[in-house]
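Visitor: sequence-free structure coming up:
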């Protein structure tokens, strides 16, 4: 899905009295053990998200294999225990830890095609101010 179409959809799905700070496309990495078990079919386990950062929290829009938005999850900043941000040249690894014990590891796009939504420094700085960062 192109970023302009995704932005329209994200703005429509925002809660009332909420403002979009920015959004980016992120993917979950391949699990190495899955690659050992089922080989190249492990790529079918990759999930693609549009992560939208707003003033009230974070929206995770999960995409289907065909690029359509399947469903959306919303977490306020109070529900996120911490965030670990790594370094990367093309993708920026991020690990969200929630208070319910769940974790979500994604790789945010830094560089790529123009039609792909990339994480901007302003969005990352906003996340670092709102969520506790772990090194």
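Guide: Right, received. Where do you want to start? Computed from a prediction, not measured in an experiment: that's the story for all the values here.

Visitor: Which neighbours in the sheet does the host helix or strand of residue 73 have, and how are they oriented?
Guide: Assigned by DSSP states H and E, residue 73 belongs to strand 69-76. Applying DSSP bridges, strand 69-76 is found paired with strand 57-63 (antiparallel).

Visitor: returning to what we had before: on the C-terminal side of the strand holding residue 73, identify the next helix or strand.
Guide: Downstream of strand 69-76 (by DSSP H and E), the next one is strand 80-85.

Visitor: Could you list every helix and strand in contact with that next one?
Guide: strand 91-98, helix 121-130, strand 133-134 (3 or more Cβ pairs under 8 Å, 6 or more residues apart in numbering; DSSP states H and E). In short, each C-beta sits where N, CA and C put it, glycine included.

Visitor: Outside of the worst-scoring helix or strand of the chain on mean pLDDT itself, which residues are in contact with it?
Guide: In the chain, the helix or strand scored least confidently by mean pLDDT, DSSP states H and E is helix 32-38, which has a mean of 80. Helix 32-38 is contacted from outside by 42, 45, using Cβ atoms under 8 Å, 6 or more residues apart in numbering.

Visitor: Next, the angle strand 57-63 makes with the helix or strand just after it.
Guide: Downstream of helix 32-38, the next assigned helix or strand under DSSP H and E is strand 48-54. Interaxial angle of strand 48-54 relative to strand 57-63 (axes from the mean of the first three to the mean of the last three Cα atoms, to 10 degrees): 160 degrees.
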